[in-house]
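Engineer: here is a sequence with its predicted model. Questions after.
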Amino acid sequence: MRALIQRVSYAKVNVEGQTVGETGPGLLVLLGITHEDTAKDIEWIVRKVLQLRIFNDENGKMNLSVQDIKGELLLISQFTLYADSAKGNRPSYIRSAPPAISIPIYEKTLDAFKSAYIPEKIAAGIFGADMKVSLLNDGPVTIMIDSAFPEI
């Protein structure tokens with residue numbers, strides 16, 4: 001499981017002209033799911049995202065987590081995080097799990113975020129929809145994490 005995490009001043013996602021999820025200061029999390037992902041990956045991603053210290057403390061040092069600042073979180077499914085562009089010019093998405101696998105994992109991940117944090121502070125897009133995501137990246141701060149390589 002991969003997550004591209006962006007520290008944001010705000011983020012929102014629209015589907016067919018309607019806002020389906022939005023957040024104030026906090027994190028936009030783009031989530032990619034692969035065939036091998038399990039409950040262990042969900043647990044690791046949720047813990048890492050919520051505890052990642054990428055918000056400034058009173059001294060301007062990135063030393064606080066989204067939980068510490070009581071920030072919000074917008075979770076968006078993003079199968080292209082597993083794109084393979086090594087050969088040719090058209091990326092392959094074979095490493096991305098198909099919807100039959102990824103939808104239940106995405107829903108369990110969303111539930112895990114809501115269980116581990118303040119449910120009202122968690123918003124989400126619509127899996128598989130044509131989503132329009134807008135955000136104001138704060139910093140900018142953008143970090144990629146991967147449960148298959150937790151030491152990175």
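Structural biologist: Sure thing, it's come through.

Engineer: next, the contact list for residue 55, please.
Structural biologist: 7, 62-66, 68-69, 71 (C-beta atoms under 8 Å, 6 or more residues apart in numbering). Placement of C-beta: from N, CA and C, glycine included.

Engineer: and these, which two are furthest apart?
Structural biologist: The distance between the two most remote of those (C-beta to C-beta) is 14.2 Å, for 63 and 71.

Engineer: higher neighbour count, the two?
Structural biologist: Applying other C-beta atoms under 10 Å to residue 63 and residue 71 shows that residue 71 carries more neighbours, namely 21 against 13.

Engineer: could you name the residue of this structure that is farthest from its center?
Structural biologist: Distance from the C-alpha centroid of the chain, by C-alpha atoms, centre = their mean, peaks at residue 88 (28.0 Å).

Engineer: what comes up buried for whichever strand or helix holds residue 115?
Structural biologist: Assigned by DSSP states H and E, residue 115 belongs to helix 99-116. Of the residues in helix 99-116, 102, 105-106, 109-110, 112-114, 116 count as buried by neighbour count, 16 or more other C-beta atoms under 10 Å.

Engineer: need the max-distance pair from these.
Structural biologist: Spatially, the most separated pair among the buried residues of helix 99-116 is 102 and 116, at 20.4 Å (C-beta to C-beta).

Engineer: for residue 98, see how far away the residue nearest to the spatial centre of the chain is.
Structural biologist: Using C-alpha atoms, centre = their mean, the residue of the chain that lies closest to the mean C-alpha position is residue 29, 2.1 Å off. To residue 98, residue 29 is 21 Å away according to C-beta to C-beta, to the nearest Å.
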